[in-house]
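Visitor: heads up, no residue letters with this:
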């Protein structure tokens, strides 16, 4: 039995959970936002599909089930456990249950169905994730230069060409309550008072870390205000 399993093809199963509380603007996945009333119907359809296709995996070793979506945690742990129990009853025990999402990591802590978390944005964080009150700290920042302080506003050289705003504008660390006005190459804030002058540097927390990284050629690693290393962003996808 052990020899047969060792030689068998390894298989991972992806189960799509389309339900979520609200659909993100950038999401291209099939989703049923705000349609919780269809969850039981969808569960029955999933179980029927697994019953039909399970025999195809009889000669394989299924080592991982990945729940994607959507927001699987919104689907409820009870339904996810039912799906895993169904696989086990068909002779398909699963040792690893994986899921992703920095924003829902608190729902996938100890005691949940998950044995592995594939959260990614937690490494950098951004202003959108910061609003969720997660345990992670912001580690991705943009250094902007003040180019004007006329008319009671502060204008910097950091616009949407260097900062992703699809999940909201960046946050100025020194002026967190000021919502910036963004243009292609500039950002402007209107603080009640400030002592900034042209040439000063201001630190911004990007609105969305994912769509900010691909706008730059390199990222600088700092510690205690000193640059420790510089890493090229080689996968940003330049056009030829």
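Guide: Done, it's in. Since the model is a prediction, treat every value here as computed from it, not as a measurement. Numbers count the residues shown, from 1 in each chain.
Visitor: please count neighbours and contacts with C-alpha atoms only from this point.
Guide: Fine.
Visitor: give me the mean pLDDT for the helix of greatest length in the chain.
Guide: Taking DSSP state H as the criterion, the chain has its longest helix at helix 39-53. Helix 39-53 carries an average pLDDT of 94.
Visitor: could you point out which element follows it?
Guide: From helix 39-53 onward toward the C-terminus, using DSSP states H and E, the following helix or strand is strand 60-69.
Visitor: list the contacts for residue 183?
Guide: Residues near residue 183 by C-alpha atoms under 8 Å, 6 or more residues apart in numbering: 159, 160.
Visitor: next SSE after the lowest-mean-pLDDT helix or strand in the chain?
Guide: Least confident helix or strand, the chain: helix 2-7 with a mean of 46, by mean pLDDT, DSSP states H and E. Moving toward the C-terminus from helix 2-7, the next helix or strand (DSSP H and E) is strand 9-17.
Visitor: now do the strands in the protein.
Guide: Along the chain, the stretches classed as strands by DSSP state E are 9-17, 19-20, 32-33, 60-69, 96-99, 116-117, 142-148, 154-156, 171-172, 181-182, 187-189, 201-205, 218-223, 226-232.
Visitor: out of those, which comes closest to residue 90?
Guide: Across the strands of the chain, residue 90 has its closest neighbour in strand 60-69 (11.7 Å, C-alpha to C-alpha).
Visitor: what angle sits between that closest one and strand 9-17?
Guide: 20 degrees (axes from the mean of the first three to the mean of the last three C-alpha atoms, to 10 degrees).
Visitor: appreciated, that's everything.
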